[in-house]
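Visitor: Structure, please.
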Amino acid sequence: MRLPMERDPRCPFDPPAGLRGLPPMSRLHFPDGHQGWLATTIEAARTVLADPRFSARRELKHAAVRFTTPGETGRPAPPGFFAATDPPEHTRYRRLLMGQFTMRRMRMLEPRIERIAADHLDAMAAAGPPADLVSAYALPIPSMVICELLGVPYEDHGFFQERSLQIVAAEGDVARATADLAVFLGELVRRKRAEPGDDLISGLVGELTDEELVNAAMILLVAGHETTANMLSLGTFALLEAGLTYREELDEELLRYLSIVHIGAPSRAALEDVEVAGTLVGKGETVALSLPMINRDPAVFDDPQALRPDRPEARRHLAFGHGVHQCLGQQLARIELRIGYRALFERFPGLRLAVPGTEISLRQDAAVYGVDRLPVTWD
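Guide: Residues are numbered from 1 along each chain as shown. So this is what the prediction gives:
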């Protein structure tokens, strides 16, 4: 089969109809002609993501979809591009980065995230309804948080946010924005070497080269920014469509239910013949993962198509991956989402969609699923 991408606007939170009812491992025809596999269950996904016989090296993998993330060209990963490396190289990068993503540092960011959310809600209230929640709230919050984390000076926030938004929203000249941001990050790294501060880049200048720091920062920017922004907007859409108001019990369930990392990502290449869920994956074959199907595995989740605040097994989702490549910034993402949802629904208890749900434009051709715009209004 070929990978179906389009989701029905009438049920935008469900996986494409063409994926439903598939076995744990299905033959998949990749755009470049490669014959690989699609994993659709928790058991199969955990095996692929945790078994060292599967590689994350991008030069060994085939892309399951035509769009690619920045820098994903099939060549070996450049220094610092840790997401596309295997141990022991990946282990070195991850150990260093984990030291910068401590719970202490994440909790220290909470007051600043609350202030950022409040400021943008103030601006929405001052402008009055309706508003596009994506541009007014969901995208700016992670953009400003990543500025704080990387140590971007306040006077450079505007440039940084403009270029980063172009990249993650795939608007305008993305290649030029990526090049501009790489130059900016290179200059920032050099400044941090001369005058270190209390930020992630400063904490790593003694351990990594300039090139490694720039590439690592680009991964953190795109991975942490785009995913959180789309979770904020698509999660709000899901809650409003379900007639639910936000409460913290929904956090893990929303991550499971939405599974915004699109179909076909992540993926792994088999370094040797490996059996997965009763299927033999041959050496050199790529296995793509369908997180929307995996996180609705009926063997793990009762009534998986429902958004349930009281779901006890919700934390078994794989929204942040599994194994050695599990998302580094997952605790920061959880904090941003909790603060972002809570502040939004407390400030605007009468929040509702400004247009029918079927008119919401979906991001069908991007690496992370979401909405292009989310028109909302309130009393």
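Visitor: Give me the contact list for stretch 313-328.
Guide: 42, 45-46, 49-50, 56, 83, 87, 90-91, 94, 97-98, 101, 220, 223, 252-253, 255-256, 258-261, 266, 291, 294-295, 300-302, 308, 330, 333 (C-beta atoms under 8 Å, 6 or more residues apart in numbering). Where C-beta positions appear, they are placed from N, C-alpha and C, glycine not excepted.
Visitor: Can you tell me which of those residues are buried?
Guide: By neighbour count, with 16 or more other C-beta atoms under 10 Å, the contacts of stretch 313-328 hold 42, 45-46, 49, 56, 83, 90, 94, 97, 101, 220, 223, 252-253, 255-256, 258-261, 266, 291, 294-295, 300-301, 308, 330, 333 as buried.
Visitor: just how off-centre is stretch 358-371 within its chain?
Guide: 14 Å (C-alpha atoms, centre = their mean, to the nearest Å).
Visitor: Also stretch 9-23?
Guide: Mean-position distance between stretch 9-23 and its chain equals 20 Å (C-alpha atoms, centre = their mean).
Visitor: ranges for the helices of the stretch 201-350 of the chain?
Guide: 210-242, 251-258, 291-294, 330-347 (DSSP state H, counting those that start in this stretch).
Visitor: Helix 330-347 and the longest one, what's the angle between them?
Guide: When axes from the mean of the first three to the mean of the last three C-alpha atoms, to 10 degrees is applied, the directions of helix 210-242 and helix 330-347 differ by 40 degrees.
Visitor: Report the buried residues of helix 210-242.
Guide: For helix 210-242, by 16+ other C-beta under 10 Å, it's 210, 212-240.
Visitor: For the residue nearest the centre of the chain, which residues are in contact?
Guide: Nearest residue to the geometric centre of the chain (C-alpha atoms, centre = their mean): Thr227, 3.0 Å. Residues near Thr227 by C-beta under 8 Å, 6+ apart: 260-261, 333, 368.
Visitor: okay if I get these as CSV plus pLDDT and distance to Met5?
Guide: Putting the contacts of Thr227 into CSV (pLDDT from 0 to 100; distance: C-beta to C-beta, whole Å) gives the following:
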residue, pLDDT, distance to Met5
Ile260, 89, 14
Val261, 85, 13
Ala333, 94, 24
Val368, 82, 13
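Visitor: ok, of those residues, which one's closest to Val355?
Guide: For the contacts of Thr227, the minimum distance to Val355 (C-beta to C-beta) is 21.1 Å, reached by Ile260.
Visitor: Next, give phi and psi for the closest one.
Guide: phi -70, psi -20 (degrees, to the nearest 10).
Visitor: pretty sure it is in contact with Ala229, am I right?
Guide: No. Applying C-beta atoms under 8 Å as the test, Ile260 and Ala229 come out as separate, 9.8 Å apart.
Visitor: if we can go back for a sec, out of the contacts of Thr227, which comes closest to Arg163?
Guide: Out of the contacts of Thr227, the member with the shortest distance to Arg163 (by C-beta to C-beta) is Val368, at 17.9 Å.
Visitor: neighbours of the closest one, just the number please.
Guide: Using other C-beta atoms under 10 Å, Val368 has 21 other residues around it.
Visitor: where does it fall, phi/psi-wise?
Guide: Main-chain dihedrals, Val368, degrees, to the nearest 10: phi -120, psi 130.
Visitor: got a list of what it touches?
Guide: 226-227, 230, 260-262.
Visitor: what touches both of Ile260 and Ala229?
Guide: With C-beta under 8 Å, 6+ apart, Ile260 and Ala229 have common neighbours Gly370.
Visitor: So for stretch 22-39, mean pLDDT?
Guide: For stretch 22-39, mean pLDDT rounds to 95.
Visitor: okay, and for the stretch 201-350 of the chain, where does confidence drop off?
Guide: Across the stretch 201-350 of the chain, nothing is flagged by pLDDT under 70.
Visitor: Fine by me, we can end here.
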